[in-house]
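Peer 1: Let me see the structure of the following:
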Amino acid sequence: MLACRGLAAAAAASPTLWSIQQCSAAYFCRSHATATSGGDGKGGSKRAPANVRQAFSYCVEQVKKHDYETFLWIMQLPKHLRPSILALRAFNVETGLIQDHAKSEMLVLMRCQWWRDAVNNCFKGSPPDQPVVTALAEVLRSVPLTRYRLQQMVSTREEDLTNPAQPTSLAALERYAEGTVGQLLMLQLEAGGFSSAGRADPSSSSSSSGSSSSSTDGGGAAGAPQQTEAAAVAAAAASAAEHAAAHLGKAVGIAGMLRGTYTAGMWRRVYLPEDLCLQHGVDPNDVLLGRDSEGLRDVTLAVAAAAKQHLEEARRLAAEAEPAARPLFAPAVATGLYLDALEQAGFNLFDQRMLKGAPSPLAYQLRLKWALLCNKY
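Peer 2: Prediction:
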């Protein structure tokens, strides 16, 4: 959150450089109104109800305020992907803010249960009157999503908030990242139709035409190998995308916990692995107080190295995914820049450059633009 606030402040201070922020919530609502409400596919479309437009407007403001890097990225996604990605990201923001609004364990449990019930009611077609839930329900009208993944995001946060103990190991950090960011990235693939769950089977869609042509000119027999090959290629691309999302989720999640070390200290939370802290003689109280040490840098190096390894594997696998799916891996840009900046700071989490919100807004926007242009993240 600290880094995102830094980006937002920089944008406000430099309106010319950050002209992308000039695009208002109204622009989003217009695109979402047509993208989620259907149409004839040839320019005709139905206007979404007022409550849906207001819901997406709220989602825009929440993502823009609390996850500015993601806001900039969503602005540059293909129009048809924006509604679902925005709704999912707003859901991530809202569930991530549970801690800010719930001051006791009982309130945390109540809020988490409310979100679980809200997700269930979305899939039943009777969502509660809450903007993010309304937007999510609108997306579900045309996009198949896995309910379990949404529920898992809530449950993982609930477990973290009700069990504030320091993670025992790096594996515990990875499990948390997988349960939150990992599930979110998998949902994004589903929303775009790039996962094995949402992918259409080319062979099944053309089987009837193949049998028809075989009865007339024998074309079905010749086309069958091509259909099988196309299905295999599509399945391989979907598998690569899913594995890339799994690794990227861990990379982004782990890096995010490193980025949030100072902020987490305000909540008396330490997310650095307990076993690594013991190994390098790091007192958790020193982390809470923002005291740098050689041991702390060694712990940070080990955690950052794990994130970097997952990031590199995600990039390798993303290159094998369908080209149209690759923009969904753009979160790798900010994570890569942060890990590079952390290395340049000597793995000092409390270096002023890191506390001000590395990477810099300019570096992030330029790298994001270049990544989107090359479709390589």
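Peer 1: Show me the protein divided up by domain.
Peer 2: 1-37+47-163, 165-199+230-377 (automatic domain parsing).
Peer 1: Quick check: end-to-end length of the longest one?
Peer 2: Spelled out, that is domain 165-199+230-377. 34 Å (C-alpha to C-alpha, to the nearest Å).
Peer 1: How far away from the center of its chain is that domain?
Peer 2: 11 Å (C-alpha atoms, centre = their mean, to the nearest Å).
Peer 1: picking up where we left off before, the domains of the chain: lowest mean pLDDT?
Peer 2: Ranked by mean pLDDT, the domains of the chain bottom out at domain 1-37+47-163, with a mean of 84.
Peer 1: quick one: which helix or strand includes Pro128?
Peer 2: Following DSSP states H and E, one finds Pro128 outside all helices and strands.
Peer 1: does Leu328 really touch Glu190, like I thought?
Peer 2: No: the pair Leu328 / Glu190 is not scored as a contact, 10.4 Å apart, by C-beta atoms under 8 Å. (Each C-beta comes from the backbone N, C-alpha and C, glycine too.)
Peer 1: so what's His310 closest to, chain neighbours aside?
Peer 2: Nearest non-adjacent residue to His310, counting by C-beta to C-beta, 6 or more residues apart in numbering: Ala251, 3.9 Å away.
Peer 1: Have a look at the chain and report its longest helix.
Peer 2: helix 219-259 (DSSP state H).
Peer 1: Helix or strand next in line after that helix, which one?
Peer 2: That would be, after helix 219-259 and using DSSP H and E, helix 261-266.
Peer 1: Checking Asp272 next. Helix, strand or coil?
Peer 2: In this structure residue 272 is Leu, not Asp. Secondary structure, DSSP: H, G, I helix; E, B strand; the rest coil: Leu272 is coil.
Peer 1: so what's the backbone phi/psi at it?
Peer 2: phi -80, psi 140 (degrees, to the nearest 10).
Peer 1: Tell me how far it lies from Gln166.
Peer 2: Counting by C-beta to C-beta, to the nearest Å, the separation of Leu272 from Gln166 is 7 Å.
Peer 1: picking that back up, quick one: the domains of the chain as JSON lines, columns for mean neighbour count and distance to Ala224 too.
Peer 2: Converted to JSON lines, the domains of the chain look like this (neighbours: other C-beta atoms under 10 Å; distance: least, C-beta to C-beta, whole Å):
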{"stretch": "domain 1-37+47-163", "mean neighbour count": "18", "distance to Ala224": "28"}
{"stretch": "domain 165-199+230-377", "mean neighbour count": "19", "distance to Ala224": "11"}
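Peer 1: Helices of the stretch 101-250 of the chain, start to end?
Peer 2: 105-124, 131-140, 147-162, 170-177, 183-192, 202-205, 207-216, 219-259 (DSSP state H, counting those that start in this stretch).
Peer 1: returning to what we had before: need the overlap of contacts for Leu272 and Gln166.
Peer 2: Both Leu272 and Gln166 are in contact with Pro284, where contact means C-beta atoms under 8 Å, 6 or more residues apart in numbering.
Peer 1: Using CSV, lay out the helices of the stretch 101-250 of the chain together with distance to Leu77.
Peer 2: Formatted as CSV, those follow (distance: least, C-beta to C-beta, whole Å):
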stretch, distance to Leu77
helix 105-124, 22
helix 131-140, 14
helix 147-162, 20
helix 170-177, 23
helix 183-192, 9
helix 202-205, 25
helix 207-216, 33
helix 219-259, 16
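Peer 1: Glu105 is in contact with Asp160, isn't it?
Peer 2: No: at 12.0 Å, Glu105 and Asp160 do not qualify as touching, with contact defined as C-beta under 8 Å.
Peer 1: which outside residues touch the helix or strand where Leu278 lies?
Peer 2: Assessed by DSSP H and E, Leu278 sits inside helix 274-279. For helix 274-279, the surrounding residues in contact (C-beta under 8 Å, 6+ apart) are 166-170, 270, 282-284, 287, 295, 298-299, 302-303.
Peer 1: Likewise for stretch 303-323?
Peer 2: Residues contacting stretch 303-323 (C-beta under 8 Å, 6+ apart): 170, 173-174, 194, 234, 236-238, 240-241, 243-245, 247-248, 250-251, 254-255, 257-258, 272-273, 276, 326, 329, 332, 335-336, 339, 342-343, 347, 375-377.
Peer 1: residues in contact with stretch 252-268?
Peer 2: Contacts of stretch 252-268 (C-beta under 8 Å, 6+ apart): 1-3, 99, 164, 173-174, 176-178, 180-182, 185, 270-272, 287-290, 300, 303-304, 306-307, 310-311, 331-332, 335, 338-339, 342, 349-350, 354-355.
Peer 1: for Leu288, what are its contacts?
Peer 2: Taking C-beta under 8 Å, 6+ apart, one finds Gly265, Arg268, Val270 in contact with Leu288.
Peer 1: where does it sit relative to Val233, distance-wise?
Peer 2: With C-beta to C-beta as the criterion, Leu288 and Val233 are 51 Å apart.
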